[in-house]
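Got a predicted model here, sequence first, then my questions.
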Amino acid sequence: MKKLKILLTGGQGMLGRTLTAELTDFEVIPTSLPEGDITNASKFDRLLKQHKPDAVIHCAAMTAVDRCETERELAFKLNAAGTGNVAAACQRRRCRLIAISTDYVFDGLIDRAYHEFDRASGGVTVYGQSKFAGEELVRELCPDHIIARISWLYGAGGPSFVHTMIKLADENRPELKVVADQIGNPTSTLAVARALREILRHPELAGTFHLTCEGECSWYEFAQEIFRQSGVTQQVVPCTTAEFPRPAQRPGNSRLDKMMLRLHNLPPMPHWRNALEEFLKLEGG
């Protein structure tokens, strides 16, 4: 039986690397610069013409949230216009598009988890606004699409919060201050890859899906759990977002509800503590 052919953009990124390693039941074609330049519409169209994939998983993005604030046009060039190029090429070449997006498309102000039918607007950051513009172009240009929103992502090789915490603990600092007033769903790239595998097996599905792990915590609680599971003794002190001002405002609420998985009777995402345990065991060899 012929394997489904999947082309990845951003194949060398953290999620792209995990997808390449995990989706062995598909024929995966990872691409990155220069051949996978999403800002060059004609070049990307030729790439799809050459490989003739059944689906594209679009991971390529400018994800440096603070840098997006100072390089606004570059953020929109990559996250909006580049995504539009991918969507138009997928529609032209008749292949399914799975576009990776983010919780930053919400403003983070409500007191519950955001579900897929909540209105997004791009939030308060250039990163969120550029990613939301990309979402809108996907909806407009490529009807056969999945928009998969993720957040608080970590995976093999990093960079991620998990890797940063372990590195800082290795430096024998007496204490680490970690923000306690931002809440979200820590999410493993492995969990995302498995959810995307399930979605790829259902070509009839379309629309927006949230693919974060179940359960919620603050960055402070996440750090405590990283050290607990790693067997590392490290003093962690809670602090406020205001104590660590950044160029881009971080949402206080990044929680995403997985309503669409439930509505389509798809397997639930794992709890974040269980996903973290699996990841740390794999990282430890």
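Sure thing, it's come through.

can you pull the contacts of residue 200?
Residues counted as contacts of residue 200 (C-beta atoms under 8 Å, 6 or more residues apart in numbering) are 4, 6, 23, 26, 55, 98. Where C-beta positions appear, they are placed from N, C-alpha and C, glycine not excepted.

if we go to 10 Å?
Neighbour list for residue 200: 4, 6, 23, 25, 26, 54, 55, 57, 96, 98, 146 [criterion: C-beta atoms under 10 Å, 6 or more residues apart in numbering].

ok, the residues you listed vs residue 252, which is closest?
Proximity of those to residue 252 (C-beta to C-beta) peaks at residue 146, which lies at 27.6 Å.

circling back: quick check: PyMOL command selecting the buried ones in the contacts of residue 200.
Burial among the contacts of residue 200 is assessed by 16 or more other C-beta atoms under 10 Å; the matching PyMOL selection reads:
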select buried, resi 4+6+23+26+54+55+57+96+98+146
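
The closest residue to residue 267 other than its chain neighbours: which element?
If the residues on either side of it in the chain are set aside, residue 267 comes closest to residue 198, at 6.0 Å by C-beta to C-beta, 6 or more residues apart in numbering. Assigned by DSSP states H and E, residue 198 belongs to helix 189-200.

Now the element after that helix, going C-ward?
The first helix or strand that comes after helix 189-200 along the chain, using DSSP H and E, is strand 207-210.

Now do the helix or strand following that following strand: everything it contacts.
Downstream of strand 207-210, the first helix or strand assigned by DSSP H and E is strand 217-218. With contacts defined as C-beta under 10 Å, 6+ apart, strand 217-218 is touched by 152, 178-186, 223-225, 238, 252, 255, 272-273.

same question for strand 217-218, mean pLDDT?
Averaging the model's pLDDT scores along strand 217-218 yields 98.

which element follows it toward the C-terminus?
Downstream of strand 217-218, the first helix or strand assigned by DSSP H and E is helix 219-230.

hang on, the earlier thing: save the contacts of residue 200 as CSV, and put in pLDDT, distance to residue 277 and secondary structure too.
Formatted as CSV, the contacts of residue 200 follow (pLDDT from 0 to 100; distance: C-beta to C-beta, whole Å; DSSP: H, G, I helix; E, B strand; the rest coil):
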residue, pLDDT, distance to residue 277, secondary structure
4, 96, 31, coil
6, 98, 28, strand
23, 97, 23, coil
25, 95, 25, coil
26, 97, 27, coil
54, 98, 34, coil
55, 98, 31, strand
57, 98, 26, strand
96, 98, 33, strand
98, 98, 27, strand
146, 98, 28, strand
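
tell me which of the contacts of residue 200 is nearest to residue 283?
Nearest member of these to residue 283, counting by C-beta to C-beta, is residue 23, at 20.1 Å.

contacting residues for the closest one?
3, 4, 6, 8, 57, 193, 194, 196, 197, 200.

got the phi/psi numbers for residue 90?
Main-chain torsions, residue 90, degrees, to the nearest 10: phi -60, psi -40.
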